[in-house]
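J.: Any chance you can model this:
(one chain, ligands or ions: 2)
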Amino acid sequence: MITETIPQILYEKLLSARTVGVFTGAGMSAESNIPTFRGNEGLWKKFKPEELANFDAFMKNPELVWEWYSSRKKIIHGAKPNPGHFALAELEKLVDEVIIITQNIDNLHRRAGSSIVHELHGNIERNYCIKCGEHFTDDVILSNPLPPTCTKCGGLVRPDVVWFGEYLPQDEFSASENAARRSDVFFSLGTSGIVYPAASIPHIAKYAGAFIVEINPETTPLSEITDITILGKSGILLPEITKNLTSIKHKGL
Ligand code: BJW
Ligand code: ZN
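T.: Ligands and ions are numbered 1, 2, ... in the order given. Down below sits the predicted model:
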């Protein structure tokens with residue numbers, strides 16, 4: 001079902017759910033003013049994600065890749081969780097278990113108060129040396145000229161994010177697969193659903209029998225497997241869902 005309003009069946013499913021899985025992408029943070037990847041903003045006009053977010057691009061032109069990451073680090077550092085992030089943290093009071101599986105690297109789910117967050121594509125606030133693995137905080141590296149180098153071995157320092165052609169962190173991916181398998185309701189929020197293997201997670205939830213709900217202003221390839229696709233913004237629809245669920249829990253359906 002594709003709809004612009006929240007159907008009653010979603011509340012019925014949430015009321016009887018034990019585990020709610022939530023898969024999020026860049027659109028989740030759009031209302032925190034962090035540009036999405038495949039929208040029409042900023043550097044993405046000039047470069048496709050595939051052209052900058054890969055190891056070869058970094059080795060060929062570390063200055064350019066660092067210019068892009070340092071500007072994004074600044075945007076993300078200054079960003080705040082939006083009402084959608086806070087609504088997901090609030091949902092923990094209304095159902096037994098809420099597990100966030102995010103492709104985002106911006107830390108905003110944790111900052112909003114969500115307690116279980118699996119990060120599939122890393123975290124932009126961390127950095128490490130490609131030669132010796134030493135970790136560095138942003139404070140240390142951003143105060144130096146870019147691209148930063150390791151104080152221990154002189155190797156190049158990179159952001160701790162997953163680039164194209166790289167493996168996802170195995171523990172985070174396995175935990176996400178398990179969460180998808182045991183979800184009764186599974187949300188896919190603000191993602192184009194085209195980057196694999198992350199995009200396989202909603203499919204795993206589907207085959208395990210979860211009720212799949214997508215929130216996105218546009219349909220995506222994932223819309224083909226959803227029970228409901230609600231066309232709209234996560235920062236508007238999620239607070240509405242938690243508000244209505246709270247009042248249904250108090251007054252009944
Ligand atoms: C709103 C909204 C609002 C707007 N409210 N919604 C199988 C088939 C085909 C290809 C592959 C495959 N398996 C692997 C591949 C290759 C590749 C891949 O998937 N390529 C495809 C693009 C074709 N995958 C990989 O390389 C992965 N690794 C891998 O497979 O390892 C195995 C391997 C190892 C060695 C050799 C070979 C294989 C790694 C993928 C890493 C992705 N990394 C990035 C960058 C992270 C770091 C950084 O941030 O810089 O992750 S790319 C970028 O895309 C980022 C995102 O997490 C990811 C997904 O994007 P997302 O979040 O969906 O954003 P958008 O912009 O696409 O969509 C936003 C959506 O929001 C839109 O739908 C809007 O409508 C919506 N929206 N406002 C709600 N207010
Ligand atoms: Zn080093």
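
J.: Which stretches in the stretch 101-250 of the chain count as helices?
T.: Applying DSSP state H, counting those that start in this stretch to the stretch 101-250 of the chain gives helices spanning 108-112, 138-142, 170-182, 200-207, 234-251.

J.: Save those helices as a markdown table, and put in mean pLDDT, distance to residue 49 and mean neighbour count too.
T.: Backbone N, C-alpha and C define where each C-beta goes, glycine included. Shown next, in a markdown table, are these (pLDDT from 0 to 100; distance: least, Cβ to Cβ, whole Å; neighbours: other Cβ atoms under 10 Å):
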| stretch | mean pLDDT | distance to residue 49 | mean neighbour count |
| --- | --- | --- | --- |
| helix 108-112 | 98 | 19 | 21 |
| helix 138-142 | 88 | 21 | 15 |
| helix 170-182 | 98 | 20 | 17 |
| helix 200-207 | 98 | 19 | 20 |
| helix 234-251 | 95 | 20 | 17 |
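
J.: got the residues of the stretch 51-200 of the chain near ligand 2?
T.: For the stretch 51-200 of the chain, the contact set with ligand 2 under Cβ under 5 Å from the ion comprises 129, 131-132, 134, 150, 152-153, 155.

J.: between those, which is closest to residue 218?
T.: The closest of these to residue 218 turns out to be residue 129 (Cβ to Cβ; 39.7 Å).

J.: The closest one: what's it in contact with?
T.: 136, 150, 152-153, 155-157 (Cβ atoms under 8 Å, 6 or more residues apart in numbering).

J.: Give the buried subset of the residues you listed as a PyMOL selection command.
T.: Filtering the contacts of residue 129 down to the buried ones (16 or more other Cβ atoms under 10 Å) takes a single PyMOL command:
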select buried, resi 136+150+156+157
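
J.: Make a markdown table out of the contacts of residue 129 and add pLDDT and distance to residue 93.
T.: Formatted as a markdown table, the contacts of residue 129 follow (pLDDT from 0 to 100; distance: Cβ to Cβ, whole Å):
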| residue | pLDDT | distance to residue 93 |
| --- | --- | --- |
| 136 | 95 | 37 |
| 150 | 95 | 44 |
| 152 | 96 | 45 |
| 153 | 97 | 47 |
| 155 | 96 | 46 |
| 156 | 96 | 45 |
| 157 | 96 | 40 |
